[in-house]
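In: Sequence plus predicted model, see below.
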Amino acid sequence: ELLNYFSFQVNTPTNSAFIQQRCKLSTDALPFLSHTFNDLYPYKLYKGKYLLLAADGSSFTFTRNPKDEESYFPPDGKTTNGYNQIHIIPLFELLSKRYTDCIVQPIRKKNEFQALCDLIDRHHYVPDQKPIFIADRGFHSFNVFAHAIEHNAYFLIRATDIKTQRLLGADYIFTEDGFDISINRILTRSQSKKKRQHPELSEQYKYICPEVKFDYITPSERSEYQLSLRVLRFKISENIYENIITNLPVDKFSMEEIKYLYNLRWNVETSFRELKHVIGAANFHSKTRKYIEMEIWARLILYNFCSIITGHVTIIQKGGKHIYQVNYSVAYKACHYFLSLHAGEDPPDVENLIGKNLLPIRRDRKYARQHRFRNPSSFTYRFK
């Protein structure tokens, strides 16, 4: 790739020189560059006020290294040699289709609850914007709820039937019609009824055992924490229901609107596909976890650049029964090619190229998610 980029000139930097220069980079350099770049381009806001931020996780397999115990899995049914993985938990802005932040964890230290709490804490809050953090059922946690509430933010998180039942209480019976109810819960670390500050509200108390992390109950300052939540359950198909836990106000967000917002979350799932297989984040140049993290951030920046360019392309609808959208694979490859040009080389007409490569939107199509193990690909054996 170095030879290709420098047109096979004799003075092309060697691999060793490239690695030595990369080692001079601070680990904070690319995250800083990503945040600075994002700040130059305003995000699209829902209703002119709300910033829709979806959180989700995805794993990446890289070069096998048994010495890296935090990321190594020994041989099992998937592989006879073992493998190494890292796990990323990013925030993805759903309307602008850009990554705003990301936390990278070795797979053995994977903790999506804590990652989302950290992302909520370090989000850059703007007075005229109200973030809505949207996540799947793997992020359901009282600690996540509290972190969002403490920052005066909204959240919308899917929950399993079991967790919803525990939240409502064993006596609550699910109905076929679904429901949209508001509840209050008082969280405490003590099971002693004598220590309760509001004994008249005994049905609202929820005990949190010491092993479960919760950052807003401290013995010296606060022994209880009050939560006001909204719990929704609605039917999506025959005998299949979804449960949503949120703090969105009833008078501003109807059930139908909450369904729409949660459905938008799927954009972060498709972004992972484009990030891995179009931007190329599924294959790494590096073998060390520190530098792989740098590559992840570099691909996120590239993804955001491509998304900004693509978002400004005017799509001319062809008519007929389908609405057309950009072919993101072609669009991102065109943007990537544009960035790789040297000074003096004629750039292609990127916007018109993107505008001519469209795909029809076929709604209501469903495909089963494929779960398969993927071996890392060495760049030694890849040719363009």
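Out: Yes, it's here.

In: what about the strands in the chain?
Out: Here the chain has its strands, by DSSP state E, at 50-55, 58-62, 72-73, 83-93, 98-106, 130-135, 154-159, 179-188, 205-207, 224-237, 240-246, 323-326, 358-361.

In: So which of the ones you listed is nearest Phe37?
Out: Proximity to Phe37, assessed across these by C-beta to C-beta, is greatest for strand 98-106 (9.5 Å). For the C-beta atoms, the positions are set from N, CA and C on the backbone; glycine is no exception.

In: CA-only coordinates of that closest one, as PDB, when you get a sec.
Out: This file holds the C-alpha atoms of strand 98-106, laid out as PDB (Å, rounded to 0.1, in the frame of the first residue of the first chain):
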ATOM      1  CA  ARG A  98     -21.900  10.200  11.900                       C
ATOM      2  CA  TYR A  99     -19.900   8.700  14.800                       C
ATOM      3  CA  THR A 100     -19.600  11.200  17.600                       C
ATOM      4  CA  ASP A 101     -17.600   9.200  20.200                       C
ATOM      5  CA  CYS A 102     -16.300   5.800  20.800                       C
ATOM      6  CA  ILE A 103     -14.900   3.600  23.600                       C
ATOM      7  CA  VAL A 104     -12.600   0.600  22.700                       C
ATOM      8  CA  GLN A 105     -12.300  -2.300  25.100                       C
ATOM      9  CA  PRO A 106     -10.400  -5.600  24.900                       C
END
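
In: Does that strand pack against any helices or strands, and if so which?
Out: Where contact means 3 or more C-beta pairs under 8 Å, 6 or more residues apart in numbering; DSSP states H and E, strand 98-106 is packed against helix 29-39, strand 83-93, helix 112-122, helix 289-311.

In: out of the ones you listed, deepest packed?
Out: Of all the helices and strands packed on strand 98-106, strand 83-93 has the most neighbours on average by mean count of other C-beta atoms under 10 Å, namely a mean of 23.

In: export the strands of the chain to TSV and tack on distance to Pro31 and mean pLDDT?
Out: As requested, those are exported to TSV (distance: least, C-beta to C-beta, whole Å; pLDDT from 0 to 100):
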stretch	distance to Pro31	mean pLDDT
strand 50-55	17	98
strand 58-62	17	92
strand 72-73	25	90
strand 83-93	11	95
strand 98-106	8	97
strand 130-135	19	97
strand 154-159	24	97
strand 179-188	33	95
strand 205-207	36	93
strand 224-237	31	93
strand 240-246	29	94
strand 323-326	28	87
strand 358-361	33	85
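
In: Please convert those to CSV, extending it with distance to Phe253.
Out: Listed next are these as CSV, based on distance: least, C-beta to C-beta, whole Å:
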stretch, distance to Phe253
strand 50-55, 10
strand 58-62, 28
strand 72-73, 42
strand 83-93, 19
strand 98-106, 22
strand 130-135, 9
strand 154-159, 9
strand 179-188, 10
strand 205-207, 24
strand 224-237, 9
strand 240-246, 8
strand 323-326, 26
strand 358-361, 25
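
In: Now for Thr288: which residues touch it?
Out: Counting by C-beta atoms under 8 Å, 6 or more residues apart in numbering, Thr288 touches no other residue.

In: Could you measure from it over to Gln85?
Out: Applying C-beta to C-beta, to the nearest Å, the value for Thr288 to Gln85 is 14 Å.

In: go on, Thr14?
Out: Separation of Thr14 from Gln85 (C-beta to C-beta) stands at 30 Å.

In: residues making contact with stretch 110-120?
Out: 55, 57, 87, 89, 91, 101, 103, 105, 133, 135, 138-139, 141, 143-144, 147-148, 151, 153, 213, 215.
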